[in-house]
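Student: Requesting a structural model of the entry that follows:
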Amino acid sequence: MESRRGVARVPVSADRPYAWLREQERQADGRLTSGLTVFLVNRECPWRCAMCDLWRYTLPAKAPPESIPRQMDVALRESGACELHWVKLYNAGSFFDLGAIPAEDYPAIAERCRGFSRVIVECHPSLVGAPLLRFRDLLGPGTQLEVAMGLETAHPKALEQLNKRFDLEGFRRAARFIRENGCELRVFLLVRPPFVPVAEVEAWLERSIEFAFDCGADPVVLIPTRLGNGAMERLASMGLHSAPSLDLLEHGMYFGLGLKRGRVFVDLWDVEQLMGPHPDLASRRAALERMNTIQGDGLTPAISSGFDRA
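Tutor: Model (predicted):
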């Protein structure tokens, strides 16, 4: 499989997370709070979506029992997790994939989440169901469960070609289940996903943001589509993908915040490599970081006068 992909896995261990980060994030009530993001190591996600490179940080086989609680222990110990309000448990797949996170480990994971007011996990829409309810109940009433789902795009044909294996109605149902059961919803969207016609990229980014808010998302997270998994390089060579422009990234942020329907964050990880040489990249990146933090207070006009749709 890896030989066909053209890139290799990154060496990881079931005994420690791939990485962890201490971050700050603006909450829906306006508070700027600190939290911990833990990148857990487990088996590869079975969906294998066209644009995903997260499989590179997974194990070739199922992780042994109790490995996820041990990984959390490492992150909590090394980060000095004190005065932190939330924790994101991201596992390069679906938290409620029982082949990745065993249900037997839920009590130990929930125990390690004590003291956090919010726990954020990621999940494919088709796996939203009974395991979510069990984990929510183990967390208890003092901890808010938030589920992040990757919609990627509301363009129906592109969504199908990405191999997400759900449609928009299926996403709506999963979002409704999350909200109706007392959990909150975070939605990931790709900025310039492959398979969306070039002339329609900006319009479909706007429609996707609106669709995510219609489903009850808060926040919506905009992720620039990047190379790095082998498949995307092949799509680029075929003329089916090119990196999003900085203008388009800014437009998504300003459009989303302008709707005043919830928070909008832009993922700026590795944006320098994604964008390549750019005369004012540093200042524009800093402006997007500021927008991530202030979420609409003191908005200034867009840095660039026009938006590059290419």
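
Student: Okay, helices next: where are they in the stretch 151-300 of the chain?
Tutor: Taking DSSP state H, counting those that start in this stretch as the criterion, the stretch 151-300 of the chain carries its helices at 156-161, 168-180, 201-214, 231-237, 246-258, 271-275, 281-294.

Student: Tell me which of those helices sits nearest to residue 54.
Tutor: helix 231-237 (12.7 Å; Cβ to Cβ). No exception for glycine: its C-beta is placed from N, CA and C like everyone else's.

Student: buried sites along the closest one?
Tutor: By 16 or more other Cβ atoms under 10 Å, the buried positions in helix 231-237 come out as 231-232, 235.

Student: Just send the helices of the stretch 151-300 of the chain back as CSV, with distance to residue 140 and mean pLDDT too.
Tutor: Below are the helices of the stretch 151-300 of the chain laid out as CSV (distance: least, Cβ to Cβ, whole Å; pLDDT from 0 to 100):
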stretch, distance to residue 140, mean pLDDT
helix 156-161, 36, 94
helix 168-180, 18, 98
helix 201-214, 28, 98
helix 231-237, 41, 75
helix 246-258, 33, 94
helix 271-275, 38, 74
helix 281-294, 30, 91
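
Student: Closest one to residue 156 out of the buried residues of helix 231-237, please.
Tutor: Among the buried residues of helix 231-237, residue 235 lies closest to residue 156 (Cβ to Cβ), at 18.6 Å.

Student: OK, contacts around the closest residue to the closest one other than its chain neighbours?
Tutor: Leaving aside its chain neighbours, residue 235 sits nearest to residue 241 (4.2 Å; criterion: Cβ to Cβ, 6 or more residues apart in numbering). By Cβ atoms under 8 Å, 6 or more residues apart in numbering, the contact set of residue 241 is 194, 225, 232, 235.

Student: For residue 241, report the pLDDT, please.
Tutor: Note for residue 241: predicted pLDDT of 73.

Student: re the thing from before, the helices of the stretch 151-300 of the chain: which one's closest to residue 111?
Tutor: Closest to residue 111 of the helices of the stretch 151-300 of the chain is helix 168-180 (Cβ to Cβ; 23.0 Å).

Student: helices or strands next to that closest one in the packing?
Tutor: Helices and strands touching helix 168-180, by 3 or more Cβ pairs under 8 Å, 6 or more residues apart in numbering; DSSP states H and E, are strand 144-152, strand 184-191.

Student: Adding mean neighbour count, write those strands out as a markdown table.
Tutor: Shown next, in a markdown table, are the helices and strands packed on helix 168-180 (neighbours: other Cβ atoms under 10 Å):
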| stretch | mean neighbour count |
| --- | --- |
| strand 144-152 | 22 |
| strand 184-191 | 22 |
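
Student: can the ones you listed go into CSV with extra columns for mean pLDDT and distance to residue 56?
Tutor: CSV is the format used below for the helices and strands packed on helix 168-180 (pLDDT from 0 to 100; distance: least, Cβ to Cβ, whole Å):
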stretch, mean pLDDT, distance to residue 56
strand 144-152, 97, 17
strand 184-191, 97, 18
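
Student: Could you dump these into JSON lines with distance to residue 60 added?
Tutor: Formatted as JSON lines, these follow (distance: least, Cβ to Cβ, whole Å):
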{"stretch": "strand 144-152", "distance to residue 60": "23"}
{"stretch": "strand 184-191", "distance to residue 60": "25"}
